[in-house]
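**Student:** Need a 3D model of the following:
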Amino acid sequence: MQPQLIVQLASRVMGHDTDLGRAMAASRWMVPLPRRGAGSRVHVEPGVTDELVDDLGRRGHAVERVEVPQSGWGPMSVIRLSPDGRRTAAADPRVDTASAAVD
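**Tutor:** So this is what the prediction gives:
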């Protein structure tokens, strides 16, 4: 699960320059390891659009929506160091945690 989460967060923060708090709160997806004899499924959190779910289905993926953000899909924390040396941080809203960036 960890590599999947890191890719999602890094894509939002580094690829799309998303605010850290918004990137942490964004809906996530997860592909669990398939059980013997079972196909894999893509699990998606609330907030993933119907269009994306439908597109995944057309591409042959079995998609399962989960009802609430998943505390087990993390927790993650992130600190951004800007070129001027300023630090900003964000914690995962799916779990009871906090973030701090100290100079």
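
**Student:** quick one: contacts for the residue nearest the centre of the chain?
**Tutor:** Closest to where the C-alpha atoms of the chain average out (C-alpha atoms, centre = their mean) is residue 28, at 3.6 Å. Residue 28 makes contacts with 5, 8, 44-45, 69-70, 73-74, as judged by C-beta atoms under 8 Å, 6 or more residues apart in numbering. For glycine as for every other residue, the C-beta is placed from the backbone atoms N, C-alpha and C.

**Student:** Return the subset of those residues lying in strands.
**Tutor:** residue 44 (DSSP state E).

**Student:** any weak-confidence spans in the protein?
**Tutor:** Scanning the chain for pLDDT under 70 picks out the ranges 34-39, 98-103.

**Student:** need the helices for it, in chain order.
**Tutor:** 2-10, 20-25, 50-58 (DSSP state H).

**Student:** Summarise which helices and strands the last one is packed against.
**Tutor:** By that I understand helix 50-58. Counting by 3 or more C-beta pairs under 8 Å, 6 or more residues apart in numbering; DSSP states H and E, the packing neighbours recorded for helix 50-58 are strand 41-44, strand 62-65.
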